[in-house]
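[1] Predicted model and sequence follow; I will ask about them next.
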Amino acid sequence: MRRPARTAVDLLVLVALAAYAAPFFWQLLTSLKPEGELMRVPPLLPSRLTLAHYRVVLEQSLIPRALVNSVGIATLTTLLALVLGVPGAYAIARLPLPGKSALLLAIVASTAFPQIATVSPLYLLMRALGLRDTWAGLVLVHASFALPLTVWLLAGFIRELPLAAEEAASVDGAGTVGTLRWVVVPQLLPGLASTALLTFLFSWNEFLFAYTFTASEASRTIPVALALFPGVYEVPWGDIAAASMLASLPPVLIVIVLQRFLVSGLVAGALKE
Amino acid sequence: MRRLLLVLWVAVLSGCGGSALERGPVTLVFKYARILGPADPVPELLREFEAAHPNVRVRGEALPWTSDEQHQFYVINLEGRSPGFDVMMLDVIWVPEFARAGWLLDLTPGLHPGELAPYFPSTVAAATDHGRVWALPWNMNVGLLYYRADLLGKYGLAPPETFDELARQVVRIRAGERDPALDGYLWQAKQYEGLVVNVLEAFWANGTRLLADDGTLFPEPGRAAEALGFLRGLIASGVSPAWTPAADEELSRRAFGDGRAVFLRNWPYAMDLFQARDSPVRGRVGIAPLPGFAGGPRGAGSTGGAHLGVSRRSRHPELAVDLARFLTSERAQKAIALGAALSPTREVLYHDPGLVRSRPELPALHALMRAGRSRPVTPYYLLLSSTVQPEFSAVLVGLKAPARAIGDARLRLSHFLDALR
Amino acid sequence: MTGRTRAARRQALLLLAPTLVALTALTVYPGCWVVWLSLQHRVPIFGVARFAGLDNFAFLAVDPRFWSAARTTAAFTALSVALELLLGVAVALALARQERGRRLGLSLLLLAWAMPSVVTAKLYEWLYHPTAGLINVLLGAHAINWLGDPRLALPAVILADVWRSMPFVALLCYARLRTIPAELYEAAQVDGAGRLATLGRVTLPLLGRIVLLALLFRTLDALRAFDIMFVLTGGGPAGTTETLTVYAYRSLFQMLQLGFGSAISVVVFALVMGAAWAYLRLLRPRAVVA
């Protein structure tokens, strides 16, 4: 296709994609619209922009606390999943294991587990352990749910690393753990980044377990706080929009700034077939 | 190393809570839903209680906003160890459930004879399970009919006593006003607890109920189906707008408050908002009992409201009961009624000059409350409600025939109730 | 087996142990426990806990609400996945041919996918607002009650879910398209194939496998979907958007029937695992064992 025609089509595609993302931008606009103009549409565009909704959300609601909870829980989940997953992935990728293919199948199968299937026993378990409405309870549940995918992705990344470095290390007398720590992990950083981002995103966005196992602002995460956003006499659409934007901040940042890692992680699992 | 010792020291101290606490102030925690209105009267009342009880501190903590969330909060926190609160505000429909689950302190032994006499009998009945009292009535609600006095007056009509009359009045007024945006009769048919309330009111007007005294479900299914069919007819014929199945208290209240309807079924709190300075319907709204069906009993509104219960695992049960008593006392209820749109549970306050001055509809409300009926008082009320909600909703959006819905509801309820016995 | 191999095996198990312990305790064990729960009448707050055999399942077999939820789940899954695949492949094809602004395009596309599902639900709740929602305003329609009309609610929920999930399918296909060597296209051009023929003979067949994989992921996700319908409509109006997962959740935590709700969960579990097994068999023949 000739240059100008190609550029025109490129532009068209970008415009179409911008239109696809329009709901997001509409919500952004809503969060900046003055209260009185929210229900009076058309006109679609506001007469002026205001930060009033953000002020309400940050000063008068439980969203800030929920953000703290989410950051903490998602971070701890990611750390736990990686700490547990890296050794396991290495074992699967490089070491001889009895029944490896069966194990792999089991791990892949557990990525298909529906959350609804385990929520009732987990509820009883959390109750027995006194972990309801705590960070620890949710971190454990999130990490275990994310673990199969983490292991699978990391195993894939590890398998892609050149064996030479590891063989050299073992010739030098480094044990398995040493090899893992000093040779594999440094090379694995991009793969670790991708896996960490996906796990963080999963924990940040997770709703069903968070809704069931939290009861107060002590551990309530941002999706739950948003779902339960108080509306007394009328639904505060502007405030909800502002809270939604705040809740989307890390995901949006990841998509825009860390896109490379996100994409390679998402695609890694699928393309390795 | 020093820091470690300090941490250990603090841990040991906090572990030895018991003896240390006895010397310090006692803290009671009161969980309640934030009260709306110009000023929340509760914190001041709590300070008063503290002043009268040296060495006692009371912390008022907010519950989540909606009834469902509050219930989930309580269920999660009351199972197992100490819940961390002493006095709690309960929706009236939860009292038997919480009592049966063993979460509430039995108040019967500490009650003085005749202590419950000043309260509405229905509120006391709602707080009683197996002959014992588990909570003190705090505030009350009743379903009633709001009407546009100016519109009815214009056509020389009195508030309708039957639904047929209401429908005729709607037709007449709309024909006369020739305003396509004017709706007829607004009520709540969204799939939530409010729907059950509205349907029960229709059942009662048709001479039947949901749960008979002996525990039979839908004792007169024919009449129940008839009432449901009637409600569906209101929507189908246009007497009630097409968005009624999406309406809750607030949606319907705002539409009426903007002057867009002739009749509204809602709770007493709305009157305050209709009489607000910038309300389009200020001074033009009247209240009346709900209509009945021709040849049947007078329409009775459903009662609702909140009670105060004491946690059975409270570390200071006597003080907690004192707090509950204080908050339901005449003085406290009057302060709350003045500061917020909540109605008291003590009958005498409905003729108190101070209250009547700021809320002139109170005496009329008194009669309505006395005539009100409560929803089934059973520990399984939530099970009942959540099972019939989708069935009722299916009828009102025209997806199911009333008789089939009643049949299906009965089938499911008997299965679950049998499982419980 | 040499001593070294044995030592290596031991080490492997040791490294894998923490993962296995965590998974067993928090996924496998509950997975078995839920089946045990489904065979009981269990209501914790009233202290009811007794064995009931297949009672719950027998009731489900004749429960109209269960079958309605099953139909809703089937309709939701079929329509969502179909739309996501069609749109996803189309978008991937367009994006793959893009010369400039690919990163921007991907960012715009992935915005919809990355945000929490609750945010999507709130977003669409506002879009579907009868009077102030963007959709009604753009359509010039007078107050179409998207979320309150029993005929429109499920399509409305499907639309929200497709919007959110299509980018994932598009991304997978796009990544695969990028790995197709340029020589294949050149060869087709040399053979005189037009654009459509190239599409049919070269592109789509090579996409075939990834599409099947995307189909697998999306079907499993749609079968166990919960967040969007729960927050957007709560399963209403009149249960028209109540899928099996929502029905299970309500039974568990609204009616507090842990036994009955677990029975529905077991059904969902079986459906999802059954679908996974079926797809994996389809994918098996050409899979390289890891």
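    Noted; the coordinates are in hand.
[2] and the helix or strand encompassing C:Glu183, which residues are buried?
    Using DSSP states H and E, C:Glu183 maps to helix C:182-190. Residues of helix C:182-190 classed as buried: C:Ala188 (neighbour count, 16 or more other CB atoms under 10 Å in any protein chain shown). Yep, even glycine has a C-beta here, placed from its N, CA and C like the rest.
[3] For that helix, name the packing helices and strands.
    Contacts defined by 3 or more CB pairs under 8 Å, 6 or more residues apart in numbering or on different chains; DSSP states H and E place helix C:182-190 against helix C:195-198.
[4] I'd like the average pLDDT over the helix it packs on.
    In this model, helix C:195-198 carries a mean pLDDT of 73.
[5] Same question for stretch C:102-115.
    Mean pLDDT, stretch C:102-115: 90.
[6] Just the buried residues of it, please?
    C:Arg102, C:Gly105, C:Leu106, C:Ser107, C:Leu108, C:Leu109, C:Leu110, C:Leu111, C:Ala112, C:Trp113, C:Ala114, C:Met115.
[7] just checking, the last one touches A:Ser248?
    Yes: because the distance of 4.3 Å satisfies CB atoms under 8 Å, C:Met115 is recorded as touching A:Ser248.
[8] what residues are shared contacts of these two?
    Residues touching both C:Met115 and A:Ser248 by CB atoms under 8 Å, 6 or more residues apart in numbering or on different chains: A:Phe24.
[9] ok, now which ones touch the residue most central in space within chain C?
    With distances taken as CA atoms, centre = their mean, the residue of chain C nearest its centroid is C:Asp221 (1.5 Å). Contacts for C:Asp221 (CB under 8 Å, 6+ apart) come out as C:Ser165.
[10] B:Ala125 too?
    B:Ser374, B:Val377.
[11] Now do it, the pLDDT please.
    Note for B:Ala125: predicted pLDDT of 91.
[12] which SS state does the nearest residue to C:Leu85 once chain neighbours are set aside fall under?
    Leaving aside its sequence neighbours, C:Leu85 sits nearest to C:Val169 (CB to CB, 6 or more residues apart in numbering or on different chains; 6.0 Å). The three-state label given to C:Val169 by DSSP: H, G, I helix; E, B strand; the rest coil is helix.
[13] same deal with B:Val75?
    Secondary structure state of B:Val75, per three-state DSSP, is helix.
[14] Verify the stated contact: it with C:Met255.
    No: here B:Val75 lies out of contact with C:Met255, judged by CB under 8 Å, at a distance of 11.8 Å.
[15] Quick one: the strands in chain C, in order.
    C:40-43, C:48-51 (DSSP state E).
[16] tell me, how many neighbours does the nearest residue to A:Leu49 once chain neighbours are set aside end up with?
    Closest residue to A:Leu49 apart from its sequence neighbours, by CB to CB, 6+ apart: A:Leu32 at 4.4 Å. The number of residues packed near A:Leu32 is 18, by other CB atoms under 10 Å in any protein chain shown.
[17] thought A:Leu32 was touching A:Arg48?
    No: with contact defined as CB under 8 Å, A:Leu32 does not reach A:Arg48; the gap is 9.0 Å.
[18] got a list of what C:Ala94 touches?
    Shown in contact with C:Ala94 (CB under 8 Å, 6+ apart): A:Val13, A:Ala16.
[19] at 7 Å instead, please
    Residues counted as contacts of C:Ala94 (CB atoms under 7 Å, 6 or more residues apart in numbering or on different chains) are A:Val13.
[20] hmm, back to that, any idea how far C:Gly88 is from the residue nearest to C:Leu85?
    The spacing between C:Val169 and C:Gly88, counted by CB to CB, to the nearest Å, is 3 Å.
[21] Overlap in contacts, the two.
    Counting by CB under 7 Å, 6+ apart, the contacts common to C:Val169 and C:Gly88 are C:Ala214.
[22] so where do the helices sit in the stretch 251-400 of chain B?
    For the stretch 251-400 of chain B, helices defined by DSSP state H, counting those that start in this stretch occupy the ranges B:269-274, B:317-327, B:330-339, B:353-358, B:362-371, B:381-396.
[23] I figured B:Gly176 hits B:Tyr155, correct?
    Yes: assessed by CB atoms under 7 Å, B:Gly176 is found in contact with B:Tyr155 at 6.2 Å.
[24] who in the stretch 1-150 of chain C is up against chain B?
    Proximity of the stretch 1-150 of chain C to chain B (CB under 7 Å from any CB of the partner chain) is limited to residues C:His41, C:Val43, C:Pro44, C:Ile45, C:Phe46, C:Val48, C:Phe59, C:Pro64, C:Arg65, C:Asn145, C:Gly148, C:Pro150.
[25] Please pick the buried ones from the residues you listed.
    By neighbour count, with 16+ other CB under 10 Å, those hold C:His41, C:Val43, C:Ile45, C:Val48, C:Phe59, C:Pro64, C:Arg65, C:Asn145, C:Gly148, C:Pro150 as buried.
[26] could I get these as TSV with distance to A:Gln115 and pLDDT?
    Below are those laid out as TSV (distance: CB to CB, whole Å; pLDDT from 0 to 100):
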residue	distance to A:Gln115	pLDDT
C:His41	24	92
C:Val43	22	89
C:Ile45	23	85
C:Val48	25	88
C:Phe59	24	93
C:Pro64	26	89
C:Arg65	21	91
C:Asn145	31	81
C:Gly148	28	81
C:Pro150	27	88
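[27] which one among those residues gets closest to chain B?
    Nearest to chain B among these, counting by CB to the nearest CB, is C:Gly148 at 3.3 Å.
[28] Isn't that closest one up against B:Ala246?
    Yes: when contacts are counted by CB under 7 Å, C:Gly148 is listed as touching B:Ala246 (3.3 Å).
[29] Please identify the helix or strand for B:Phe30.
    Here B:Phe30 sits within strand B:26-32, counting by DSSP H and E.
[30] What is whatever helix or strand comes next after that strand packed up against?
    Using DSSP H and E, the helix or strand that directly follows strand B:26-32 along the chain is helix B:42-52. Secondary-structure packing of helix B:42-52 (3 or more CB pairs under 7 Å, 6 or more residues apart in numbering or on different chains; DSSP states H and E): strand B:56-62, helix B:317-327.
[31] Show me what counts as buried in helix B:42-52.
    The neighbour-count check on helix B:42-52 (16+ other CB under 10 Å) flags B:Val42, B:Leu45, B:Leu46, B:Phe49, B:Glu50 as buried.
[32] Quick check: mean pLDDT of that helix?
    What helix B:42-52 shows for mean pLDDT is 91.
[33] thinking again about what came up before, with neighbour numbers in mind, choose between C:Val169 and C:Gly88.
    C:Val169 (28 against 25).
[34] could you check the distance from the more buried one over to chain A?
    The gap separating C:Val169 from chain A is 10 Å, by CB to the nearest CB, to the nearest Å.
[35] Quick check: that residue vs C:Ser80, distance?
    11 Å.
[36] Identify the contacts common to these two.
    By CB under 7 Å, 6+ apart, no residue touches both C:Val169 and C:Ser80.
[37] List just the nearest of the buried ones among the residues of the stretch 1-150 of chain C next to chain B to chain A.
    Nearest to chain A out of those is C:Ile45 (CB to the nearest CB; 11.0 Å).
[38] pretty sure the closest one contacts B:Ala101?
    Yes: at 4.4 Å, C:Ile45 counts as touching B:Ala101 under the criterion of CB under 7 Å.
[39] which ones are touching C:Arg9?
    Contacts of C:Arg9 (CB under 7 Å, 6+ apart): A:Pro96, A:Leu97, A:Pro98.
[40] Could you export those residues as TSV, including pLDDT and neighbour count?
    Formatted as TSV, the contacts of C:Arg9 follow (pLDDT from 0 to 100; neighbours: other CB atoms under 10 Å in any protein chain shown):
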residue	pLDDT	neighbour count
A:Pro96	77	13
A:Leu97	77	18
A:Pro98	76	9
